[in-house]
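A.B. asks: sequence first, predicted model second:
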Amino acid sequence: MNTIYGSYSASVSELKRNPSRLLEEADGESVVILNHNKPTAYLVPAAMYEEVMERLEDLEWAEVIQERMSQKAEAIEVSLDDL
């Protein structure tokens, strides 16, 4: 059994008939698109997608920061005036 991550679902046929209606009914939430009762895609509003992408980017930067913090002992300090 597949886990469905969403409160709203629709068949591929419903998506083909009227995709904008699905988005309206979901009221800003994602819509799980089902094919033979199995999730095949998620229809995600643009604002939600953008937020997810920003969070992923933040997580990637957090990893870079953690890695660089662990290398801080090896760093050579210089003042901005010396540059």
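C.D. replies: That came through fine.
A.B. asks: what's the burial count for the spatially closest residue to Ala47 that is not a sequence neighbour?
C.D. replies: If the residues on either side of it in the chain are set aside, Ala47 comes closest to Gly28, at 7.4 Å by C-beta to C-beta, 6 or more residues apart in numbering. C-beta here means a position set from N, CA and C on the backbone, and glycine is covered the same way. Counted by other C-beta atoms under 10 Å, the residues lying close to Gly28 total 9.
A.B. asks: hang on, Gly28 packs against Val44?
C.D. replies: No - taking contacts as C-beta atoms under 8 Å, Gly28 lies outside contact range of Val44: 10.1 Å.
A.B. asks: which parts of the longest helix seen in the chain are buried?
C.D. replies: Counting residues, the longest helix in the chain under DSSP state H turns out to be helix 46-70. Along helix 46-70, not one residue counts as buried under the neighbour rule (16 or more other C-beta atoms under 10 Å).
A.B. asks: repeat that for stretch 23-30.
C.D. replies: Using 16+ other C-beta under 10 Å, the residues of stretch 23-30 that count as buried are 23, 26, 30.
A.B. asks: for the record, mean pLDDT for that stretch?
C.D. replies: Model confidence over stretch 23-30, given as mean pLDDT, is 89.
A.B. asks: surely Pro45 is in contact with Ser30?
C.D. replies: Yes - taking C-beta under 8 Å as the definition, Pro45 is a contact partner of Ser30 at 7.3 Å.
A.B. asks: gap between Lys72 and Ile65?
C.D. replies: As for Lys72, its distance to Ile65 is 11 Å (criterion: C-beta to C-beta, to the nearest Å).
A.B. asks: an error on my part: the question was meant for Ser11.
C.D. replies: In this view, Ser11 and Ile65 are 44 Å apart by C-beta to C-beta.
A.B. asks: re the thing from before, which other residues reach the longest helix of the chain?
C.D. replies: Contacting residues not belonging to helix 46-70 are listed as 28-30, 44 [C-beta atoms under 8 Å, 6 or more residues apart in numbering].
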